[in-house]
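Enquirer: What would the 3D arrangement of this be:
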Amino acid sequence: MFKKGTKIYSIVNGKCPKCHEGEFFKYKFTFHPTKITQLHTHCPKCNLKYMMEPSFFYGAMYVNYGITVALSVATFIISSLFFGFSLLQSFAAIIITLIVLAPVNLRLSRILWINMFVSFKK
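Expert: As a prediction, the model looks like this:
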């Protein structure tokens with residue numbers, strides 16, 4: 001769908017941001033808590049070190065926060081305007097949405113974070 005060489009290709013397919021061939025995460029998408037964010041230490045194809053410096057992925061927490069806020073606002077607007085939920089019901093909808101999408105947010109924030117710093121090279 002997206003062409004190889006674009007950042008979106010790396011993000012959507014979970015590939016190495018440098019070569020777009022090696023897998024970024026050790027496991028495919030899962031809800032298992034210990035396997036959600038496990039990464040390879042290096043890219044299997046181009047040998048890019050994913051943890052570029054100690055605590056590199058702490059910055060991904062800020063990306064995750066932004067995603068969480070955007071999801072919360074969108075869920076509130078949809079639940080109150082389209083479904084007519086009360087404030088308490090909208091709050092419950094937000095919590096359910098965030099719990100269900102937590103694994104997606106964690107993985108997405110890490111792949112977005114590393115793609116901000118590493119560019120594609122053939």
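Enquirer: Give the other helices and strands that the top helix by length along the chain contacts.
Expert: Taking DSSP state H as the criterion, the chain has its longest helix at helix 60-77. Judged by 3 or more C-beta pairs under 8 Å, 6 or more residues apart in numbering; DSSP states H and E, the packing partners of helix 60-77 are helix 87-100, helix 102-115. Every C-beta, even on glycine, is put in place using the N, C-alpha and C of the backbone.
Enquirer: which stretches of the protein have low pLDDT?
Expert: Low-confidence regions of the chain, defined by pLDDT under 70, span residues 1.
Enquirer: before we move on, the earlier item: I'd like the helices and strands packed on helix 60-77 laid out as CSV, including mean neighbour count and distance to G14.
Expert: Converted to CSV, the helices and strands packed on helix 60-77 look like this (neighbours: other C-beta atoms under 10 Å; distance: least, C-beta to C-beta, whole Å):
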stretch, mean neighbour count, distance to G14
helix 87-100, 14, 19
helix 102-115, 19, 6
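Enquirer: Correct me if wrong: K35 contacts K26.
Expert: Yes. Using C-beta atoms under 8 Å, K35 is in contact with K26, at 7.2 Å.
Enquirer: more neighbours, those two?
Expert: For K35 and K26, the more surrounded residue by other C-beta atoms under 10 Å is K35, and the numbers stand at 14 against 11.
Enquirer: and the more buried one, helix, strand or coil?
Expert: Following DSSP: H, G, I helix; E, B strand; the rest coil, we place K35 in the coil state.
Enquirer: Could you measure from it over to T41?
Expert: 15 Å (C-beta to C-beta, to the nearest Å).
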